[in-house]
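Peer 1: I would like the atomic coordinates for the input below:
(3 chains)
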Amino acid sequence: MADPRFYTRKSPLALAELLKVCGLSADEAHGEIQDVAAPENAGANDLVFIENAKYAEAVNASAAGFVLAKPELAGAIKNKIVIATPTPQLHFIAAIHLLYPAAQQPNLDDAKNISPRAAIGKNCNIHPTAVIGAGAEIGDHTVIGPHAVIGPGVKLGAHNDIGAGVTISHTITADHVRVLPGARIGQDGFGFVTNAQGQHIRMPQLGRVMIGAQTEIGANVAIDRGALADTAVGGNVIIDNLVQIAHNVVIGDGAILVSQSGVAGSSKIGKYAVLAAQAGVADHLDIGDFAQIGAQAGIMRDVDAKARIMGSPGQPVREYFRQVSMLAKLSKGTKTSS
Amino acid sequence: MADPRFYTRKSPLALAELLKVCGLSADEAHGEIQDVAAPENAGANDLVFIENAKYAEAVNASAAGFVLAKPELAGAIKNKIVIATPTPQLHFIAAIHLLYPAAQQPNLDDAKNISPRAAIGKNCNIHPTAVIGAGAEIGDHTVIGPHAVIGPGVKLGAHNDIGAGVTISHTITADHVRVLPGARIGQDGFGFVTNAQGQHIRMPQLGRVMIGAQTEIGANVAIDRGALADTAVGGNVIIDNLVQIAHNVVIGDGAILVSQSGVAGSSKIGKYAVLAAQAGVADHLDIGDFAQIGAQAGIMRDVDAKARIMGSPGQPVREYFRQVSMLAKLSKGTKTSS
Amino acid sequence: MADPRFYTRKSPLALAELLKVCGLSADEAHGEIQDVAAPENAGANDLVFIENAKYAEAVNASAAGFVLAKPELAGAIKNKIVIATPTPQLHFIAAIHLLYPAAQQPNLDDAKNISPRAAIGKNCNIHPTAVIGAGAEIGDHTVIGPHAVIGPGVKLGAHNDIGAGVTISHTITADHVRVLPGARIGQDGFGFVTNAQGQHIRMPQLGRVMIGAQTEIGANVAIDRGALADTAVGGNVIIDNLVQIAHNVVIGDGAILVSQSGVAGSSKIGKYAVLAAQAGVADHLDIGDFAQIGAQAGIMRDVDAKARIMGSPGQPVREYFRQVSMLAKLSKGTKTSS
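Peer 2: You can find the predicted model right below:
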C-alpha cells in the first residue's frame, strides 16, 4: 500500500518471523504477510491491528488476512488469522520495521545537489543551491528557490513555485502550487505508542502528502505526511503562515486556513471552510463544507456545513455572543475576589 | 509606487488594453495608466479600485485618475475616469499583472551564491553558503549566517546579524537589526479575492518590509511584506519566536511581541505596547501606545493607549478577573451536565 | 560557569574596570571578578545581581563574592562586596560583555562546509550541503540532512537524525535524538532589560540546550538556550511541530508537547506531563508529573502532579466543564445585546 516512490518494501514477511521478533509463540504460525494496512484498504495477505471494540466490524468487513488483536477482542474476529496480544499496535510497528527496513530520513545523492536520477521538466528555474533527490520529478516551468530540499521520489506538478528554504518529502503536488519560504511538507506525523515501560515508540509513517492545483502554502507551515493513508490538501486551498496540519488530515477544495491555526490528526476540513487565525481543530473531527471557524476557536466536536462557530470550546456564533454578553452583564457590580 | 529596487514596472498601460484583458467594452476608452495605488498615495495617472461605499470619499479626495468601481458606486465617483464592473479588485489585479509582469519569486544569480551585482560593506562576515541576490546592499560589519537567503534589492543596515537559514526579500533594515534562525521576512502577504467561480485569485503584493534600528526578530517568525503600502516594524522592537506579522501591519518603536502571538493585516501596534504569548490581534485594529495585551488574549476591537487587556474576546483586565471570579463562584455547587 | 565549548571567557575582570565601564565610582574598588553567575551556582569570585528583596536570602546563602544590588537592597547583603546601583542587571550585562567579548553568532569555518576541526563519528551520513562548525562532535551513525547547520562546539550523540534545514547551536544531545526539518535549537533566549531611556538591552545568553535520549523534536520547533543555566529537555520526550520552548525551561522525561503549544521562560514540565495543542504555560511555573493540560489551555499557576487542567485561565477539568455547562444554561433565553 505504501507508495513505492517513497517506501521500499521487503515482502513477504513470514508470520513466524514476526511472532518471533515480537516474542510471541510461533509454534503453529503459518502464512506470509504481504503488507501492513488500515482495514479499509487491506488486501487478502495484509496485516491489520485492532485495540478497540468499535473497530471490530470494520476489521471483519475488511479483506485483511492477518489481525493483531487484544486478547479480549480476538474472539470477535472471524475468518482471519488472529494474533492475540496485549500490544497489537507495538507488534504492528514491528511488522512495519520488518517490511520497510529502510532509513527514515530520505537518502540524497552525495555527489551533486541535483540527483542525476531526478527528472527535471522544461523551462524550470532551479537554484543551484537547491537539493533534489533521486527519482524526483519536477514539472515544466517550476521554480525552486535557494536551499530548498526536494526529497527522493517527490513529484511536483507544472508551474509550481517553491520558496527558499522549503523542505518537501513524500509528497505529490498538482500544477500551480505555491509554497512560501520555510514550509515543511511531508515529514513524519506525530504517531507514537507508549509501551509498558513508558517508552514512546514511534509508529513509522508510510503515507504521503497530496496537494491539489492552485493551492498556496504559507511561510513556516508544517504539513505532516499520513500514517497509513495520505494527508490530502485539496485544490484552490489557501494556507497562511505558521499553520499546522497533522497526519491524515483531509482539506477540501477552496478551504482557507488563516495564520497559526492548526488541525489535529485525521480531521476533515470541508470545501470552502474557513479556519480563522489561531483556531484549533481536535483530531478525528469532521468540519462541514463552508463552515466558518472563528479566530482562536477550539473545536472539539463535528461542525455542520455552513455553521459559524466561535469560542473555546466552540459554539454557534449566536450562542457565543449571547454568553459573552450575559457574562458582561452579570459581572457588573460584582467585585474581583481572586 | 512600488519600490523599483524590488519591482520592475512596465508602464504606461493603455486603458483600452486593460479593458480588453478584463473582457470589458473598450470602445471609447482613452488614457494611459501609469501605476496602481491605494487612494491615499495615488497620482494623477494612477488606478485605484473601490468595492465599498465607505471609501468613496477617500477615492474622490485622491488624485487618482482611474477608478475601477462597482456599478452601484460608479455614480458617487466624481471627476475621474470610472470603469464600472462587478469585480473591481479582480480587474485591479489584472492591471498589476500587466504593469508588473515579472516573476513573483526573486531571481537569484545562478553562477554564484553572492551576486557580483550585490554591494557588500566593510568587515562583513558572510558565510559562503549564504545566497545574496543582485542589487542587494549589505551594510558594514553585518554578519550573515549559513544558508541565509538575501533576495535581490534587499538593503541591510550596518551591524545586522542575520541567523542561519533566514530568508529575507523585499526588505530594508536599519542598523543593528538581529534576525534569529529560520525567520521569514518579506514573502507575499495573505491577499486573495475569490471570483465568481470560487477561485481564490492572488492579489500580487507590491510593498516592502521596513525594519527599524536595534530591532530583534525571533526564530521561525513570519513577517509578510505589504500589499500596496509597506509592513513597518519600528526600532527597538523585540519579536519573539514563531510570531506572525501580516501584511501592512505597523509596529511602533519599543513594542514587544512575545512568542506565538500574531497580528492580522493592516493592524497597528502602538509604541511600547506588549503582546503576550499566543495573543492575537484581528485585522485593521489600532492598539494604543503602552497597551498590554495578555497571553492568549483575542483582540477584536481597538485598544486604548495604556489599556491592559486579557481574555478572548479581550476585556479590560479588571473586568476579565471579575468575570473569571464570578464564574467560579456561580458554578460552585452546580453539576456538570454535558 | 558558561560551557567553554560554546563561550570563551576572558577573565579575571578587575572590579575597577567594570565600575568604570558602568560609570560608577571606582575609587576604592578592589578585587577581580572571575565570572558571572546565578546565586545558586556562584563561586567565591563570581558576580551576581539582585533587584528584588525576595532573593536576598539566596544571595546571602550563595558563595558569590560580588553583588550588584539596588541601593535599597544593599544593606541586606552581608559579607560580600556590594556595588549599589539603580540598575544592577544592566551592569551585570556590562560585566558579561567584558567577560565574554566574542561575537554572538557562531563563527563557522569559511573554507569548507564541514570544519576540519569537527569530530565526525563512524558511519555517519552527513549531507554535503550541511554545515558543521569547529569543535563540533558528531556521534556514530548520526544522519545530518541537507542544509542543516550544526554550530561550533555542538555535541550530538550517536544515532541522531537531524532533518533538512535544521539549525542547532550551543546544544548537547544524547543518543537517538531525532529533529525534524526546520527546527531551531540553541538560539538566544528572549532576555532583555529596559533601561531608563526605554531601550531594550539584550541580556547575553550563556547557557546551553541539553536534550535527552530518544527524544523527538518536530518541524519548525523553537528551543532557546538558557540564560545562565541550561534549557533542559529530558529523554523520551515528544515535541510536535511549531512548539515554543523558552530559555531555562526544564522538561521531564516522557513528556509530550503537542503542536503549537508553548512554555515560557524557566517553567518546569513534569515527567510524562502532556501539553495538548496550542496550550500555553506562563513563566516560572511548575507543572507536576503526569499532569494533563488541555488544548488551548492557558496556565498561570503551578499545576499539581496528575492534575487535569482545561481552559484559559486553566482550571481543573471538572470545574471547567461545570462552568461551560452552567454558562450554556444561563444564556438560554437571553438575547445578544452587543
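
Peer 1: quick one: residue A:176 is in a helix?
Peer 2: No - counting by DSSP: H, G, I helix; E, B strand; the rest coil, residue A:176 is not part of a helix but coil.

Peer 1: state the distance from it to chain C.
Peer 2: As judged by CB to the nearest CB, to the nearest Å, residue A:176 and chain C stand 24 Å apart. Every residue, glycine included, has its C-beta placed from N, CA and C.

Peer 1: quick one: residues contacting that residue.
Peer 2: By CB atoms under 8 Å, 6 or more residues apart in numbering or on different chains, residue A:176 lies in contact with A:157-160, A:213-214.

Peer 1: columns pLDDT, secondary structure and neighbour count on top of the residues you listed, output as TSV?
Peer 2: What follows is the contacts of residue A:176, written out as TSV (pLDDT from 0 to 100; DSSP: H, G, I helix; E, B strand; the rest coil; neighbours: other CB atoms under 10 Å in any protein chain shown):
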residue	pLDDT	secondary structure	neighbour count
A:157	98	coil	21
A:158	98	coil	19
A:159	97	coil	19
A:160	97	coil	26
A:213	98	coil	18
A:214	98	coil	21
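
Peer 1: and which of the residues you listed is nearest residue C:188?
Peer 2: Within the contacts of residue A:176, proximity to residue C:188 (CB to CB) peaks at residue A:160, which comes in at 35.1 Å.

Peer 1: ok, now which ones touch residue A:159?
Peer 2: Neighbours of residue A:159 in contact, by CB under 8 Å, 6+ apart: A:139-142, A:175-176.

Peer 1: list just the nearest of those residues to residue C:22.
Peer 2: Looking across those and measuring by CB to CB, the closest to residue C:22 is residue A:142, at 57.6 Å.

Peer 1: which of the contacts of residue A:159 sit farthest apart?
Peer 2: A:140 and A:176 (11.6 Å).

Peer 1: joint contacts of these two?
Peer 2: Joint contacts of residue A:140 and residue A:176 (CB under 8 Å, 6+ apart) are A:158-159.

Peer 1: just give me the closest of the contacts of residue A:159 to residue B:286.
Peer 2: Taking these together and measuring to residue B:286 by CB to CB, the closest member is residue A:176, at 37.1 Å.

Peer 1: measure the closest one to residue A:159 for me?
Peer 2: Going from residue A:176 to residue A:159 by CB to CB, to the nearest Å gives 5 Å.

Peer 1: with residue A:7 instead?
Peer 2: 28 Å.

Peer 1: do the same with residue A:303
Peer 2: Relative to residue A:159, and taking CB to CB, residue A:303 is found at 34 Å.

Peer 1: show me the contacts for the one residue sitting closest to the centre of chain A.
Peer 2: The residue lying closest to the centre of chain A (CA atoms, centre = their mean) is residue A:247, at 1.8 Å. Neighbouring residues of residue A:247 by CB under 8 Å, 6+ apart: A:188-191, A:205, A:207, A:224-227, A:231, A:265-266.

Peer 1: give me that answer again for 6 Å
Peer 2: A:189, A:224, A:226-227, A:231, A:265 (CB atoms under 6 Å, 6 or more residues apart in numbering or on different chains).

Peer 1: nearest to chain C, of those?
Peer 2: residue A:224 (7.1 Å; CB to the nearest CB).

Peer 1: just give the nearest non-adjacent residue to that closest one, would you?
Peer 2: Nearest residue to residue A:224 in three dimensions, chain neighbours excluded: residue A:189, at 3.8 Å (CB to CB, 6 or more residues apart in numbering or on different chains).

Peer 1: just give me the longest helix of chain A.
Peer 2: The residue-count maximum for a helix in chain A (DSSP state H) belongs to helix A:317-331.

Peer 1: quick one: it near chain B?
Peer 2: Yes - residues of helix A:317-331 contacting chain B under CB under 6 Å from any CB of the partner chain: A:327, A:331.

Peer 1: how about that helix: buried residues?
Peer 2: Buried residues in helix A:317-331, counting neighbours by 16 or more other CB atoms under 10 Å in any protein chain shown, are found at A:317, A:319-328, A:330-331.

Peer 1: show me which residues of chain A sit near chain C.
Peer 2: So chain A meets chain C at A:105, A:108, A:110, A:131, A:147, A:149, A:165, A:167, A:184, A:187, A:190, A:192, A:198-200, A:220, A:222, A:244, A:262, A:280, A:298, A:312, A:321-323, A:325-326 (CB under 6 Å from any CB).
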